[in-house]
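Asker: let me see the structure of the following:
(2 chains, ligands or ions: 1)
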Amino acid sequence: MNRIQQKLQEDKKLLSLYFTAGYPAINDTLSILTQLQDNGVDMVEIGLPFSDPLADGPTIQASSTAALNNGMTTTLLFEQLKDVRKTIHIPLILMGYFNPMLQYGVEQFCAKCQEIGIDGIIMPDLPLAEYETDYKAIFEKYGLINVFLITPQTSDDRIRQIDAASDGFIYMVSSASTTGNISGFGNTQSDYFKRIARMNLKNPQVVGFGIKDAQTFAAATEYQKGAIIGSAFIKHITENGAESVAEFIKKIR
Amino acid sequence: MTYQADDRGYYGDFGGAFIPEMLYPNVEELRSQYVQIMQEPSFQEEFKQLLKDYVGRPTPLYYAERFSKKYGTKIYLKREDLCHTGAHKVNNTIGQILMAKRLGKNRIIAETGAGQHGVATATVCALMGLECIVYMGAIDIERQAPNVARMKMLGATVRPAMSGSRTLKDATNEAIRDWINNPVDTHYIIGSVVGPHPYPDMVARFQSVISEETKKQLLEKEGRENPDYVVACVGGGSNAAGLYYHYLDEPEVGIIAVEAAGKGIDSGESAATSALGREGIIHGSKTLLMQTDDGQITEPYSISAGLDYPGVGPMHAHLFRSGRGEFISVTDQDAMTAGLELSKLEGIIPAIETSHALAIFETRKFKEDDVVVINLSGRGDKDLNTFIEYFDL
Ligand SMILES: Cc1ncc(COP(=O)(O)O)c(C=O)c1O
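Answerer: The predicted structure is shown next:
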């Protein structure tokens, strides 16, 4: 069983963190991962920076631009992660945009992920239909879990399709927005969280976008299995430095 | 064998819809309805009426006698520069605003490079009384000031794109982000045959009026519908798609696409995507684009803001790869010279984008009795400052 699937079976709400590889400094990747693990984070999304991140708001855009300016590339990230499984045991997911993966070669990329010990992939701009016809077999060959997104606008039919195609968890985008663009959760979100919970999907759901503190984490995990924090964490390390991870996690739980 | 899009929006290997799930409902709503809406008699009637009475169509097909003489072949100019707002862009915005209304949308967003598409969008929004927000790269806002003023006069809000290179590619990113954040009431009017399916096909269909008219006009003038060549500049490729459309599957018509070489293909400052690009994903479409080995999209360069885009529409990527199209690239300098030359020989000041297409005759030779139709995609008013500085006028 994949580390993600194992983690999802634990009887607890999961806290997952996103950060952009190569930011703030090019060599912060391992140190940030270690701190996240040491502070009880359950799962990590490592962001592979892209020049044109169209689902992201200003915070993650800026971290991606900075990471690229620092010299981050797919090859370098794989290099930095080559011994990661000697020390890091929590599930690791690579998150990015499809073009860099396509240029690296989808099969080579997946093979490298398996070699390193990456457990899953989130590529927001690789849609369900394209994935199923062209890439699913490759992801599966290398034991990678592909994570799909849903939003409050996603129809029930499509959610069922995505649930059927998923084998880990479903990434629930909390509201129709780019990352880092929501100020808090209201009734719309809690109705949405409840509606999805009532669908009895086979895959657990993890909520992302707009989670920034203990309160939003609690709201997001009332009906769902876990929550992902991205922009708020990037903001925190921008302001407090890459060594200040513990301080941030303590404010969440 | 056809060079049109298939029902998944693919032209050969290129096209599709590589969009984040946040955009799926919007794009799917459009995809599932656009053909049907466009084919409704009431839609066709309204579209044609506006093209006639508001845009000023049909635009003339003009035999450029002195220009032809200079280059020893028969050159016709399809006068899209005479469209209301000064370029072909308005054919598409009229079509899309009618589409938006039928989909019940009341807020319109658009991206713009040169400002021509922004002006054409602001114009139709004024016409229909809809809110209009145009994203434009901060750098383009500086170099296309008259068009920024026009958009403002037309009641549009112009929002600067401050990310990345602050040009057309980034304005497009910002427009897509806006659409993600406003999924219900907003329609995104893309300005070229780029973006996720169904945009490339939908925009090509709206622009196809160009070749529909050309066929009739050429029959009157030459006794045949098909020229030997159709020539157009390619930024994203919408004026080219419009001129090629009804000729795509007519093998005797040669298709020539002209890209911006900037300061030269090998100068590092170029926008010649077919020569410099590789297959990848940009703005939701699988196509040819300029990128690093690592898959980061790179900055193109052209003196003309409208050709300053690192990709091309999937139709053109397919025309290139299949060999159906002949691709030529033209430098800033040759384009500027050709623009000045057409002004002197024919009394027509073309846009700098268009000037690229006019510049091919110095190197690409045609037979004396060849009939060559060039899309005169826009007029040069917006480029006067660039012409003034370049030639010290
Ligand atoms: C006059 C003119 N021609 C051509 C273009 C390039 O666009 P496309 O390749 O979509 O026709 C532009 C874009 O702004 C333009 O203004």
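Asker: test my guess that residue B:82 contacts residue B:55.
Answerer: No: the criterion here is C-beta atoms under 8 Å, and residue B:82 misses it with residue B:55 at 9.3 Å. All C-beta spots, glycine's among them, are computed from the backbone N, C-alpha and C.
Asker: more neighbours, those two?
Answerer: In this comparison of residue B:82 against residue B:55, neighbours counted by other C-beta atoms under 10 Å in any protein chain shown, the higher total goes to residue B:55 at 23 against 19.
Asker: for chain A, which residue gets nearest to the ligand?
Answerer: Closest approach between chain A and the ligand, counting by C-beta to the nearest ligand atom: residue A:52, at 19.0 Å.
Asker: for that residue, give me its contacts.
Answerer: Taking C-beta atoms under 8 Å, 6 or more residues apart in numbering or on different chains as the contact definition, residue A:52 lies against A:97, B:164, B:169-170, B:173, B:282-283, B:297.
Asker: flag every residue of the stretch 151-253 of chain A that's near chain B.
Answerer: Counting by C-beta under 8 Å from any C-beta of the partner chain, the residues of the stretch 151-253 of chain A lying close to chain B are A:151, A:153-155, A:158, A:173, A:176-178, A:181.
Asker: in what helix or strand does the nearest residue to residue B:224 once chain neighbours are set aside lie?
Answerer: Closest residue to residue B:224 in three dimensions, ignoring its sequence neighbours and counting by C-beta to C-beta, 6 or more residues apart in numbering or on different chains: residue B:218, at 6.6 Å. For residue B:218, the element it lies in under DSSP states H and E is helix B:209-222.
Asker: what pairs with the helix or strand just after that helix, and is each one parallel or antiparallel?
Answerer: Counting by DSSP H and E, the element after helix B:209-222 in chain order, helix or strand, is strand B:229-233. Each strand pairing with strand B:229-233, determined using DSSP bridges, is listed with its direction: strand B:254-262 (parallel), strand B:371-375 (parallel).
Asker: I'd like to know the average pLDDT value across strand B:229-233.
Answerer: Within the predicted structure, the mean pLDDT of strand B:229-233 is 99.
Asker: what's the offset of the following helix or strand past it from the middle of its chain?
Answerer: From strand B:229-233 onward toward the C-terminus, using DSSP H and E, the following helix or strand is helix B:238-244. The chain centroid and the centroid of helix B:238-244 are separated by 7 Å under C-alpha atoms, centre = their mean, to the nearest Å.
Asker: quickly check: helix B:238-244 near the ligand or not.
Answerer: Yes: using C-beta under 6 Å from any ligand atom, we find that helix B:238-244 touches the ligand at B:238-240.
Asker: what residues of the helix holding residue B:218 count as buried?
Answerer: Buried positions in helix B:209-222, judged by neighbour count with 16 or more other C-beta atoms under 10 Å in any protein chain shown: B:209-211, B:213-215, B:217-218.
Asker: columns pLDDT on top of those, output as CSV?
Answerer: Supplementary listing: those in CSV, determined by pLDDT from 0 to 100:
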residue, pLDDT
B:209, 98
B:210, 99
B:211, 98
B:213, 99
B:214, 99
B:215, 98
B:217, 98
B:218, 98
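Asker: farthest-apart pair in these, please.
Answerer: With distance counted by C-beta to C-beta, no two of the buried residues of helix B:209-222 lie farther apart than B:209 and B:218, which are 14.7 Å apart.
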